[in-house]
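Undergrad: The sequence and its predicted three-dimensional model are supplied below.
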Amino acid sequence: MSAPGDLTPSTLERIRHDLVGLKMPRALEALDQVVRRLEHGEIGALEAIDMLLAEELTLRENSRIKTALRMGRLATIKTLSGFDFSFQPSLDRDRILTLAQLGFIGRCEVVHFLGPPGTGKSHLAIALGVEAVKAGRSVYFCTLADLLGQLARAEREGRLTERIRFFCRPALLIVDEIGYLPVVPGGGNLFFQLVNARYERGAMVLTSNRGFAEWGEVFGDPVVATALLDRLLHHALVIQIEGSSYRLRQHADLMPEHVRSKATITPPTPAPLRRPRGRPPKNDHITATT
């Protein structure tokens, strides 16, 4: 393709054949249009090659992202551009955009989104997951109820270590809806084992409608809750969302006053947790007697 005169029918056929052999369907689809522009002198040979490669790369990147989103169970796509920051003025927009640069993943930090239902916690968590997928980082999304269900089933089948290893693989693990549903018996211990296995090894994003002081009630054991928070708050960013439900914004006047006014979840100022020296064991089992 050094000059328009070189683009004979046989040359084009060879190019088409090669693109098929190289499994470059988007470049093959764009070939005729690129050749016409080349023949009309609108672009040069190098630009033609660049356009064909760019078309194919775009297709492959979109396919990679689509597959990664499906594997990460991010079926409902939320983006930061689609988040209405004006509806939640308590949020620091710049802080969220800084999180979207994904430095917290490399530092294996935990991001906590706390707030009442409907204030955008899940939206922001998923949006960070989407940004991570676009950047080539592995992500897995699940609710706490689903996570504990999988771990409990694996424990019954003698596969708990294997399942914990599975949840440790993603660079970012998103656990949604902490505190929304009752935790299965022993669920706190199972969650602790996973958190401990990922501690300082992988980043997490957690969303909850309950303040940290209520986690003893959420997990049915204050000892387990303390052990969880010991690790989850060590390298952590806590983002409090104080506002009304975005989903109910059009029906706010129909909501009882006591519901509308109960918009803030104030995280407690916990007493400093006494941390043992050295790294915690990889697979601690926490019980009420520890």
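TA: That came through fine. Numbering: from 1, shown residues only.
Undergrad: show me where the chain has helices.
TA: 9-21, 25-39, 45-71, 93-99, 103-106, 121-134, 144-156, 160-168, 187-198, 215-219, 222-232, 257-261 (DSSP state H).
Undergrad: out of the ones you listed, which comes closest to residue 179?
TA: Among the helices of the chain, helix 215-219 comes nearest to residue 179, with 4.8 Å by CB to CB. C-beta coordinates here come from the backbone N, C-alpha and C atoms, glycine included.
Undergrad: Which neighbouring elements make contact with that closest one?
TA: helix 187-198, helix 222-232 (3 or more CB pairs under 8 Å, 6 or more residues apart in numbering; DSSP states H and E).
Undergrad: Compare those helices and give me the one nearest residue 82.
TA: helix 222-232 (27.9 Å).
Undergrad: And the average pLDDT for that closest one is what?
TA: Averaged across helix 222-232, pLDDT comes to 97.
Undergrad: Domain boundaries for the protein, per the record?
TA: As given by automatic domain parsing, the domain ranges for the chain are 4-71, 85-261.
Undergrad: how about these in JSON lines, adding mean neighbour count and distance to residue 77?
TA: Below are the domains of the chain laid out as JSON lines (neighbours: other CB atoms under 10 Å; distance: least, CB to CB, whole Å):
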{"stretch": "domain 4-71", "mean neighbour count": "14", "distance to residue 77": "7"}
{"stretch": "domain 85-261", "mean neighbour count": "18", "distance to residue 77": "6"}
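Undergrad: returning to that earlier point: turn the helices of the chain into a markdown table, columns for distance to residue 178.
TA: As requested, those are exported to a markdown table (distance: least, CB to CB, whole Å):
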| stretch | distance to residue 178 |
| --- | --- |
| helix 9-21 | 50 |
| helix 25-39 | 42 |
| helix 45-71 | 23 |
| helix 93-99 | 19 |
| helix 103-106 | 18 |
| helix 121-134 | 10 |
| helix 144-156 | 5 |
| helix 160-168 | 15 |
| helix 187-198 | 9 |
| helix 215-219 | 7 |
| helix 222-232 | 10 |
| helix 257-261 | 21 |
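Undergrad: of all those, which lies closest to residue 115?
TA: helix 121-134 (5.5 Å).
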